[in-house]
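Asker: Next come a sequence and a model predicted from it.
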Amino acid sequence: PKMIYLKDYQAPDYLIDETHLTFELYEDHTLVHAQLVMRRNPACGAGLPPLVLDGQQLELLNLALDDRELTAADYQLDDSHLTLQPTQERFVIDSSVRIHPESNTALEGLYKSSGMFCTQCEAEGFRKITYYLDRPDVMSKFTTTVSAEQHSYPVLLSNGNPIATGSEGDGRHWATWEDPFMKPAYLFALVAGDLWCVEDRFTTMSAREVTLRIYVEPENIDKVQHAMDSLKKSMKWDEEVYGREYDLDIFMIVAVNDFNMGAMENKGLNIFNSSCVLARAETATDAAHQRVEAVVAHEYFHNWSGNRVTCRDWFQLSLKEGFTVFRDSEFSADMNSRTVKRIEDVAYLRTHQFAEDAGPMAHPVRPDAYMEISNFYTLTIYEKGSEVLRMIHTLLGAETFRKGSDLYFARHDGQAVTCDDFVKAMEDASGVDLSQFKRWYTQAGTPRLEVSESYDAAANSYRLQFRQSCPATPGQAEKLPFVIPVELALLDAEGRELPLQLVGEDKPVGRSRVLQVTQAEQAFTFLNLEAKPLPSLLRGFSAPVKLSFPYSRDQLMFLMQHDSDGFNRWEAGQQLSVQVLQELIGQHQRGEALVLDQRLVTALRSVLENASLDQAMVAEMLSLPGEGYLTEISDVADVDAIHAAREFARSELASALFEPLWARYQANRELSRSTAYVAESAHFARRSLQNIALSYLMLTGKAEVLAACLEQFEVCDNMTERLAALAVLVNSSFEAEKNEALKSFAEHFKDNALVMDQWFSVQAASTLPGGLSRVQALMQHPAFTMKNPNKVRALIGAFAGQNLINFHAADGSGYRFLADQVISLNASNPQIASRQLGPLTRWRKYDASRQALMKAELERILASGELSSDVFEVVSKSLA
Ligand code: DPP
Ligand code: ZN
């Protein structure tokens with residue numbers, strides 16, 4: 001495999017104005033006929049260069065140029081291209097190929113999942129369907145006819161609007177779909193299967209009626225209402241917040257069981273991993289309900305940010321993904337609790353994206369080189385990309401940002417554009433120069449921002465000194481300063497926000513404001529402060545940086561209680577916990593007895609006893625920083641010490657806070673018992689506090705807690721309570737109860753694949769000794785299969801990604817196991833193989849002995865035979 005560089009981008013030599021496709025689906029093969037109405041790209045020079053079409057794993061049956069049948073002498077064919085010589089500016093290519101969706105295990109292109117045909121074309125799957133210019137800057141008008149046996153495939157779908165159907169008399173039928181919007185091939189979709197649908201309607205802001213349909217396998221028809229509600233909310237929200245209206249007469253979602261990613265925004269025909277559509281109380285947790293809402297919104301929002309305006313090339317992927325994640329996170333914030341959503345997003349970003357930014361695969365939000373584009377559907381492109389958009393939103397303000405997005409959509413509707421075009425629209429709408437800001441797109445790595453203070457009592461002035469730096473990342477040794485928006489307030493001794501007047505200002509400007517740190521070193525001096533204030537910095541996590549300020553533990557306790565920014569109250573608690581946990585880690589490493597700083601107990605007691613706090617906030621504040629985050633902030637992560645310290649702190653807190661935890665648990669459990677399940681944020685909040693309380697309480701091993709846990713497991717109307725009870729049982733030492741619960745759960749839910757995924761995950765993540773052998777045994781379970789990506793993620797992904805103490809076993813058994821799985825997946829599904837590699841790529845974080853073991857496994861993968869470009873790129877970069 002070779003590197004592809006952004007600097008080598010060239011516009012396409014030819015364009016495809018119209019694409020007419022006919023699919024004949026059979027059990028042992030599929031025939032694809034493509035008619036491409038093409039012309040020379042007028043933007044390119046004169047002459048007629050050879051036409052090079054992409055195509056992989058296609059059996060070419062016929063090829064014609066302007067109705068003239070071509071023979072092998074007229075074209076060149078290799079394993080990824082078909083090259084021929086046009087003779088006129090405008091011409092028509094007709095091709096017929098045979099493909100084999102029935103044996104496609106990579107789940108890219110056209111494939112079969114649970115008996116239905118479906119597609120996944122992003123990024124480069126369309127070339128596995130027919131010969132084409134498979135690049136996002138080639139946009140075409142598609143007409144698609146699908147023909148299949150009627151009994152097994154009564155439903156035939158593609159993009160756009162249905163225009164004709166008919167039957168062929170031999171038990172087969174067909175349907176033709178026409179998509180009036182120009183689109184690149186990666187947005188093409190086809191579905192054929194025995195599906196049922198739930199139908200609804202939406203009236204758009206200009207009073208157009210749209211039919212909404214969600215298609216699922218018949219047994220899941222009772223699990224789509226939540227997705228339908230989420231879709232209607234998304235459509236309304238995008239009209240209200242972005243002025244974006246839906247544009248076809250019909251919008252469809254199809255749920256499929258075997259899917260490499262979460263979902264795909266194909267024009268008018270979104271295809272979803274069933275885990276991101278199906279949700280009802282009995283079978284899906286609150287987290288799953290929220291994921292469904294967010295993913296439905298995300299894919300719907302792509303209709304504008306991605307489809308109407310698409311990417312020129314795949315280096316611009318964050319143009320659509322960063323923007324769309326930002327849009328869906330704001331949507332979720334509006335539908336639920338804004339502060340809680342922000343806390344969840346930041347905790348996730350800091351644990352996972354920061355780790356990516358510090359590892360061998362670190363890349364800018366707009367990468368400048370890749371080997372395999374599938375490897376770049378990353379946390380950096382998505383989550384950091386969204387943070388970059390959030391910063392533009394913060395710097396410009398909501399109203400100006402909206403002007404910028406209106407200009408962007410108006411200016412580029414129907415075009416394939418770049419991140420620069422997006423920023424230019426924001427600049428033009430605001431008059432703000434974002435040229436330095438654009439370093440966020442080109443420089444990888446997580447900036448550090450060190451802040452120090454000094455107070456001048458004689459002058460009543462307070463100075464904050466900022467120093468920014470950014471560590472080297474692969475290919476980027478030196479970094480230039482970023483524009484870092486720092487939202488802050490200064491608090492007095494009662495926690496009130498003080499008026500903020502900077503040197504040079506003749507009066508205060510607000511009490512919470514955004515400063516821009518643009519230099520490597522920069523100071524801000526505030527005037528008229530009669531006593532030294534306490535700063536509340538980076539409110540709402542206004543920039544994706546690692547900020548440090550020398551807070552004392554007492555100051556953090558004060559901020560936990562008094563900061564008027566909800567996010568920063570949580571953040572103060574996290575920083576306090578980190579300090580306390582790091583002290584315990586040190587004690588463990590020195591072989592000393594562990595002693596918990598009682599201030600953490602006091603702080604969490606007051607959180608628990610504060611009846612006016614949102615219960616979801618209480619639950620978030622009770623959650624100690626995870627082992628993954630503690631690993632990320634360590635120079636050398638001591639797996640055993642981190643685990644021991646955190647478990648010690650949890651069990652000390654459980655004993656010390658037993659009374660208030662038990663009171664909170666019982667009160668909430670009582671409400672759960674007497675209230676039917678509702679998927680709304682106040683209810684999510686109540687259950688999240690109930691369940692985290694239970695997880696602490698079970699650490700005490702008290703009989704009354706075990707009884708409560710078993711009762712919750714058995715007597716509840718929803719998966720949130722049931723699964724939480726199962727998880728704490730699985731992590732407990734009550735062997736008989738645990739085994740009984742696992743058995744009854746599996747018997748009850750054995751036919752529900754998504755629920756069984758949860759059952760696998762809970763066990764794979766259990767940190768009790770013997771994790772690897774449990775996982776190996778579960779791989780033999782009849783409900784497990786390596787062919788289904790959700791199963792791989794649920795068992796292997798959960799083990800390697802969440803069960804750090806077992807995965808990093810000192811004998812290297814966890815590493816060997818993961819490498820074996822990657823080697824086996826490399827042959828069947830390269831995208832999933834490459835994704836599972838993540839934990840091994842972080843070898844630099846560990847001690848010398850673990851480093852050697854991890855590297856040895858990466859080398860073994862490299863030597864294991866013919867590697868996909870996906871796996872090769874990640875392994876070779878990790879070893880470089
Ligand atoms: N473009 C897809 C998404 O919405 C990727 N599968 O993220
Ligand atoms: Zn997306």
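Answerer: Sure thing, it's come through. Residues are numbered from 1 along each chain as shown. Ligands and ions are numbered 1, 2, ... in the order given.
Asker: Next, the contact list for whatever residue of the chain ends up closest to ligand 1, please.
Answerer: Residue nearest to ligand 1 within the chain (Cβ to the nearest ligand atom): residue 261, separated by 3.8 Å. Backbone N, C-alpha and C define where each C-beta goes, glycine included. Contacts for residue 261 (Cβ atoms under 8 Å, 6 or more residues apart in numbering) come out as 120, 273, 377.
Asker: what residues does this protein put near ligand 1?
Answerer: Proximity of the chain to ligand 1, by Cβ under 6 Å from any ligand atom, involves residues 122, 261, 263-265, 298-299, 302, 321.
Asker: what's the nearest residue to residue 107 if we skip its chain neighbours?
Answerer: Nearest non-adjacent residue to residue 107, counting by Cβ to Cβ, 6 or more residues apart in numbering: residue 260, 5.0 Å away.
Asker: my bad, residue 541
Answerer: Once flanking residues are discounted, residue 541 sits nearest to residue 346: 4.6 Å by Cβ to Cβ, 6+ apart.
Asker: Tell me the secondary structure at the one you found.
Answerer: helix (DSSP: H, G, I helix; E, B strand; the rest coil).
Asker: following the helix or strand hosting residue 405, which helix or strand comes up?
Answerer: Per DSSP states H and E, residue 405 falls inside helix 398-412. Next helix or strand after helix 398-412 toward the C-terminus (DSSP H and E): strand 416-417.
Asker: Please name every helix or strand in contact with that following strand.
Answerer: Strand 416-417 is packed against strand 310-311, with contacts defined by 3 or more Cβ pairs under 8 Å, 6 or more residues apart in numbering; DSSP states H and E.
Asker: Name the residues that touch the strand it packs on?
Answerer: For strand 310-311, using Cβ under 8 Å, 6+ apart, the contacting residues are 136-137, 139, 183-184, 187, 317, 319-320, 415-418.
Asker: Could you check how far the residue nearest to residue 541 is from residue 356?
Answerer: 15 Å (Cβ to Cβ, to the nearest Å).
Asker: what ranges do the strands span in the stretch 301-450 of the chain?
Answerer: 310-311, 369-370, 416-417, 448-456 (DSSP state E, counting those that start in this stretch).
Asker: Just checking: what are the partner strands of the second one?
Answerer: Using DSSP bridges, the neighbouring strands of strand 369-370 in the sheet come out as strand 4-5 (antiparallel).
Asker: Just the CA atoms of whatever helix or strand comes next after the partner strand, as CSV, please.
Answerer: Following strand 4-5 in sequence order, the next helix or strand is strand 14-25 (DSSP H and E). Output of strand 14-25 as CSV, limited to C-alpha atoms (Å, rounded to 0.1, in the frame of the first residue of the first chain):
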residue,chain,number,x,y,z
TYR,A,14,-13.9,13.5,-16.4
LEU,A,15,-17.3,14.0,-14.9
ILE,A,16,-20.3,11.7,-14.7
ASP,A,17,-23.5,13.7,-15.3
GLU,A,18,-25.9,10.7,-15.0
THR,A,19,-25.5,7.3,-13.5
HIS,A,20,-28.1,4.6,-14.4
LEU,A,21,-27.7,1.4,-12.4
THR,A,22,-29.5,-1.9,-12.7
PHE,A,23,-29.0,-4.6,-10.1
GLU,A,24,-30.1,-8.2,-10.6
LEU,A,25,-29.9,-9.8,-7.2
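Asker: Get me the contact residues on the stretch 251-400 of the chain for ligand 2.
Answerer: Within the stretch 251-400 of the chain, the positions lying close to ligand 2 (Cβ under 5 Å from the ion) are 321, 324.
Asker: still on that earlier bit, list the contacts of the residue nearest to residue 107.
Answerer: Each residue near residue 260 by Cβ under 8 Å, 6+ apart is listed here: 107-108, 120, 789, 829, 831-832.
Asker: Would you mind giving these as TSV with pLDDT added?
Answerer: As requested, the contacts of residue 260 are arranged in TSV below (pLDDT from 0 to 100):
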residue	pLDDT
107	98
108	98
120	99
789	98
829	98
831	98
832	98
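Asker: ok, so of those residues, who is nearest residue 616?
Answerer: residue 789 (30.5 Å; Cβ to Cβ).
Asker: check contacts around the closest residue in space to that closest one that isn't next to it in sequence.
Answerer: Closest residue to residue 789 apart from its sequence neighbours, by Cβ to Cβ, 6+ apart: residue 832 at 5.0 Å. With contact taken as Cβ under 8 Å, 6+ apart, residue 832 is in contact with 260, 789, 792, 825.
Asker: So residue 515: helix, strand or coil?
Answerer: At residue 515, secondary structure determined by three-state DSSP is strand.
Asker: quick revisit: among the residues of the chain next to ligand 1, which ones are in strands?
Answerer: Of those, the ones assigned to strands by DSSP state E are 263-264.
Asker: Please produce a ChimeraX select command covering the buried subset of the residues of the chain next to ligand 1.
Answerer: Of the residues of the chain next to ligand 1, the buried ones can be selected in ChimeraX as follows, counting by 16 or more other Cβ atoms under 10 Å:
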select :122,261,263,264,265,298,299,302,321
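Asker: Could you export the residues of the chain next to ligand 1 as TSV, including pLDDT?
Answerer: As requested, the residues of the chain next to ligand 1 are exported to TSV (pLDDT from 0 to 100):
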residue	pLDDT
122	99
261	98
263	99
264	99
265	99
298	99
299	99
302	99
321	99
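Asker: Strands along the stretch 101-250 of the chain, start to end?
Answerer: Using DSSP E, counting those that start in this stretch, strands in the stretch 101-250 of the chain cover 109-113, 116-120, 140-149, 155-158, 161-167, 172-183, 190-193, 196-203, 209-216, 250-256.
Asker: could you redo the ones you listed as JSON lines and give each row distance to residue 579 and mean neighbour count?
Answerer: Shown next, in JSON lines, are the strands of the stretch 101-250 of the chain (distance: least, Cβ to Cβ, whole Å; neighbours: other Cβ atoms under 10 Å):
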{"stretch": "strand 109-113", "distance to residue 579": "49", "mean neighbour count": "24"}
{"stretch": "strand 116-120", "distance to residue 579": "46", "mean neighbour count": "25"}
{"stretch": "strand 140-149", "distance to residue 579": "58", "mean neighbour count": "21"}
{"stretch": "strand 155-158", "distance to residue 579": "55", "mean neighbour count": "25"}
{"stretch": "strand 161-167", "distance to residue 579": "60", "mean neighbour count": "12"}
{"stretch": "strand 172-183", "distance to residue 579": "52", "mean neighbour count": "20"}
{"stretch": "strand 190-193", "distance to residue 579": "53", "mean neighbour count": "24"}
{"stretch": "strand 196-203", "distance to residue 579": "50", "mean neighbour count": "14"}
{"stretch": "strand 209-216", "distance to residue 579": "48", "mean neighbour count": "20"}
{"stretch": "strand 250-256", "distance to residue 579": "45", "mean neighbour count": "24"}
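Asker: who's in contact with residue 479?
Answerer: 439, 443, 445, 447, 469-470, 472.
Asker: Then residue 287?
Answerer: For residue 287, the contacting residues are residue 720, by Cβ under 8 Å, 6+ apart.
Asker: how about it, phi and psi?
Answerer: Dihedral pair for residue 287: phi -60, psi -40, per degrees, to the nearest 10.
Asker: Need the pLDDT of it.
Answerer: With respect to pLDDT, residue 287 scores 98.
Asker: The longest helix anywhere in the chain packs against which elements?
Answerer: Secondary structure of the chain per DSSP state H: the longest helix is helix 566-589. Helix 566-589 is packed against helix 338-348, helix 553-562, helix 598-609, helix 615-622, helix 627-632, helix 639-656, with contacts defined by 3+ Cβ pairs under 8 Å, 6+ apart.
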